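[1] no sequence for this one, just the structure:
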DNA sequence: GCGACATCTTGTCAATGGCAAGATATGCTC
DNA sequence: GAGCATATCTTGCCATTGACAAGATGTCGC
């Protein structure tokens, strides 16, 4: 997990993860090839195996990184529920590759302790912000939290899939803000 | 598109699509192998190519079928917005393979006319039902329609990903109904 | 400097997608 | 019903990939 330095390549592990983010962001996880990543990094075709074992291992590392990035992003959004939702959507758009992998557990080993812990941290960041407001204004905080998560996750997913009509505009953050506000009216 | 009958296999095209639904439903689109489908159907490894060209062609046919199934499901739900949303979630759960492919355009050829037409039909079924109610109760029907679509799509996606906590329960339809009702309060 | 270890390379194999060419059955025309 | 065009399917092939095994190379502790 820690990035030791000074080997042959320098920091192959991080280089491979960064290249994987590029490839997945452009063409999706299906297009990911360990040999292609190795070529991009200028190493032999078997080098990635040492760091990640296999393709699922690489995607597992990517998922952990993604949940940690999401935790950070949500933490920076503060306690305002609207801004928390906007931050969720912004994370999905800015870290498309991570987001797409995180919520596709068949691509990686979602049951390893590191993933479980990272997902739990992200869940706490999300649920904590939601419950602060929801508990004060509703008789069903769990239901409200699930509704909030669903609406931001759905919007982000539809946006990334290119499924939304042109009328929504070019700015995902503004559109998300408008949609989320619907929950408070 | 029409299923002609009476050849060697009988109805290979439909058999292959059905097998693909099984595989994707169990292991996701990444695990799909044309040769595996051919083995399941008892034909040679190159037989699928004649019907679908390549893997993207098969998934394109699956996406078209999915949008048509969704159109039917939404049509059967009537004009009630709550039931429309529940039908959307039920479709996603009952036709997991179709749903997962439909909203992953990098897996197939989303720009071919058949896909565009099928998606358009599904969009009309969704938007028509939403606008009937939204227009009467809101000053921003487009925003409301997007919010409704986002919340049901997000709930369905999170449910399929296994991301929801155990407290949500075992019945997706009941949980969805509860969440969607949040939009009307 | 020396040994233990992490890192990376080379070599190999089975599986897959995709293409080309040929075999077989179906249906249409007369 | 015979012959031919066509749809359907098979066999054969090649490049790419994931995964594994074994070896080479660099790094670090002592």
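    Sure, I can see it. All values derive from a computational prediction rather than experimental measurement. Numbers count the residues shown, from 1 in each chain, chains lettered A, B, ... in the order given.
[2] Which is the succeeding secondary structure element to the worst-scoring helix or strand of chain A on mean pLDDT?
    Counting by mean pLDDT, DSSP states H and E, the weakest-scoring helix or strand in chain A turns out to be helix A:113-137, with a mean of 84. Sequence-wise, the next helix or strand downstream of helix A:113-137 (DSSP states H and E) is helix A:141-161.
[3] Other residues contacting the next helix or strand along the chain from that next one?
    Going down the chain from helix A:141-161, the next helix or strand is helix A:172-181, by DSSP H and E. The contact list for helix A:172-181 (C-beta atoms under 8 Å, 6 or more residues apart in numbering or on different chains) reads A:82, A:85-86, A:89-90, A:93, A:148, A:151-152, A:155-156, A:159, A:164, A:168-169, B:140, B:143, B:146-147, B:150. Where C-beta positions appear, they are placed from N, C-alpha and C, glycine not excepted.
[4] hmm, try it at 7 Å
    With contacts defined as C-beta atoms under 7 Å, 6 or more residues apart in numbering or on different chains, helix A:172-181 is touched by A:82, A:85-86, A:89-90, A:93, A:151-152, A:155, A:159, A:168-169, B:143, B:146-147, B:150.
[5] Residue A:168 - nearest residue in space that isn't next to it in sequence?
    Nearest residue to residue A:168, sequence neighbours excluded (C-beta to C-beta, 6 or more residues apart in numbering or on different chains): residue A:175, at 5.0 Å.
[6] What number of residues are in the vicinity of that neighbour?
    Neighbourhood size, residue A:175 [other C-beta atoms under 10 Å in any protein chain shown]: 20.
[7] How about residue A:123?
    Close neighbours of residue A:123, defined as other C-beta under 10 Å, add up to 17.
[8] And the one 4 residues further on, by the same measure?
    Look at residue A:127: counted by other C-beta under 10 Å, it has 19 neighbours.
[9] how close does the closest residue to it other than its chain neighbours get to DNA strand C?
    Among residues not flanking residue A:127 along the chain, residue A:145 sits closest, at 6.0 Å (C-beta to C-beta, 6+ apart). For residue A:145, the distance to DNA strand C equals 40 Å [C-beta to the nearest atom of the strand, to the nearest Å].
[10] mind giving me the domain ranges of chain A?
    As given by automatic domain parsing, the domain ranges for chain A are A:1-53, A:54-184.
[11] Kindly reformat these as JSON lines containing distance to residue B:52.
    What follows is those, written out as JSON lines (distance: least, C-beta to C-beta, whole Å):
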{"stretch": "domain A:1-53", "distance to residue B:52": "16"}
{"stretch": "domain A:54-184", "distance to residue B:52": "22"}
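[12] And residue A:155, how far from residue A:77?
    Computed as C-beta to C-beta, to the nearest Å, the residue A:155 to residue A:77 distance reads 16 Å.
[13] Which of the two has more residues huddled nearby?
    Comparing residue A:155 with residue A:77 by other C-beta under 10 Å, the one with more neighbours is residue A:155, at 29 against 20.
[14] got a list of what that one touches?
    By C-beta under 7 Å, 6+ apart, the residues touching residue A:155 are A:89, A:176, A:179, B:150.
[15] what about the second one, how many neighbours?
    Using other C-beta under 10 Å, residue A:176 is surrounded by 27 other residues.
[16] now the first one
    Number of residues near residue A:89 (other C-beta under 10 Å) recorded here: 26.
[17] do the same with the third one
    By the criterion of other C-beta under 10 Å, residue A:179 has 25 neighbours.
[18] so what's the closest residue to it other than its chain neighbours scoring on pLDDT?
    Nearest residue to residue A:179 in three dimensions, chain neighbours excluded: residue B:147, at 4.8 Å (C-beta to C-beta, 6+ apart). We have a pLDDT of 95 for residue B:147.
[19] Appreciated, that's everything.
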